[in-house]
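S.K.: model the following, please.
(chains A and B)
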Amino acid sequence: AQTVTQSQPEMSVQEAETVTLSCTYDTSENNYYLFWYKQPPSRQMILVIRQEAYKQQNATENRFSVNFQKAAKSFSLKISDSQLGDTAMYFCAFRDNNDMRFGAGTRLTVKP
Amino acid sequence: DSGVTQTPKHLITATGQRVTLRCSPRSGDLSVYWYQQSLDQGLQFLIQYYNGEERAKGNILERFSAQQFPDLHSELNLSSLELGDSALYFCASSAPRDGPSYEQYFGPGTRLTVT
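M.R.: Presented below is the predicted three-dimensional model:
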């Protein structure tokens, strides 16, 4: 079964600085997709960024970018110029044709 | 607003009871997914329906069942409720075709409290 591991339960960063959240996964599949979701205190799940495993280029979405290392099965999220509104739980997720799994989450606090 | 609606927003019930959670997907989306999020935990995938048919199954308990109706709304039925079933239940929907590449749009969730 696919597993998704987020090894950092909590992290903090100063406003305007950069932070990287880690995620590793385990799969024997070759075709899959990876996502980062943000869950602010409102508990709404919001898609931040996604990565197709067949693409070598790392996905970027404004201040959010990923470092996708397929051989290492690593999928980290970098948040640049952190803003107070980035304070949230961040979940890494894996999906293939048959399954979707989420990591346990990293609680990120952006400090003023 | 994701376009996915869930009702009710909150539900409080007693152990042993049965409840039904309802989800309406975004207009045009054929897939509906159900997830359970216990307090301060990640999301656990329960089940997926695509155009009325069960498409994928996660760690869904036998006491739980779901269905998707011809109008594409979905219901999650939870029976013989236990204290440990208290959680936030999310519904999500994704794009008009099946496949893992389409991102899922989440509803606001239904908070279930079992007393």
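S.K.: is the residue in chain B positioned nearest to chain A bridged to anything, and to what?
M.R.: Nearest residue of chain B to chain A: residue B:106, at 3.8 Å (C-beta to the nearest C-beta). (Glycine included, C-beta is placed from N, CA and C.) When assigned by DSSP bridges, residue B:106 has beta-bridge partners residue B:92.
S.K.: surely it and residue B:94 touch.
M.R.: No - distance between residue B:106 and residue B:94: 10.3 Å, which falls outside the contact criterion (C-beta atoms under 8 Å).
S.K.: circling back: and the residue of chain B closest to chain A, how far is that from residue A:43?
M.R.: Per C-beta to C-beta, to the nearest Å, residue B:106 is found 10 Å from residue A:43.
S.K.: more crowded one of those two?
M.R.: residue B:106 (23 against 15; other C-beta atoms under 10 Å in any protein chain shown).
S.K.: quick one: least confident helix or strand in chain A?
M.R.: The helix or strand of chain A with the poorest confidence is strand A:100-102; it has a mean of 86 (mean pLDDT, DSSP states H and E).
S.K.: please enumerate residues in contact with the following helix or strand past that strand?
M.R.: Downstream of strand A:100-102, the next assigned helix or strand under DSSP states H and E is strand A:106-111. Defining contact as C-beta atoms under 8 Å, 6 or more residues apart in numbering or on different chains, one finds that strand A:106-111 is touched by A:6, A:8-15, A:19, A:21-22, A:79, A:82-90.
S.K.: from those, which land in strands?
M.R.: Mapping the contacts of strand A:106-111 onto strands (DSSP state E) picks out A:10-14, A:19, A:21, A:79, A:88-90.
S.K.: who's the residue nearest to residue A:61 when sequence neighbours are not counted bridged to?
M.R.: Nearest residue to residue A:61 in three dimensions, chain neighbours excluded: residue A:49, at 4.7 Å (C-beta to C-beta, 6 or more residues apart in numbering or on different chains). Judged by DSSP bridges, the bridge partners of residue A:49 are residue A:36.
S.K.: tell me the contacts of residue A:49?
M.R.: With C-beta under 8 Å, 6+ apart, residue A:49 has these contacts: A:35-36, A:59-61, A:64-66, A:77.
S.K.: tell me the confidence at it?
M.R.: pLDDT, residue A:49: 95.
S.K.: got the residues of chain B near chain A?
M.R.: B:2, B:33, B:35, B:41-45, B:48, B:56, B:58, B:88, B:90, B:92, B:99-101, B:103-106, B:108-109 (C-beta under 8 Å from any C-beta of the partner chain).
S.K.: closest to the centroid, which residue in chain A?
M.R.: Nearest to the mean C-alpha position of chain A, counting by C-alpha atoms, centre = their mean, stands residue A:36 at 3.6 Å.
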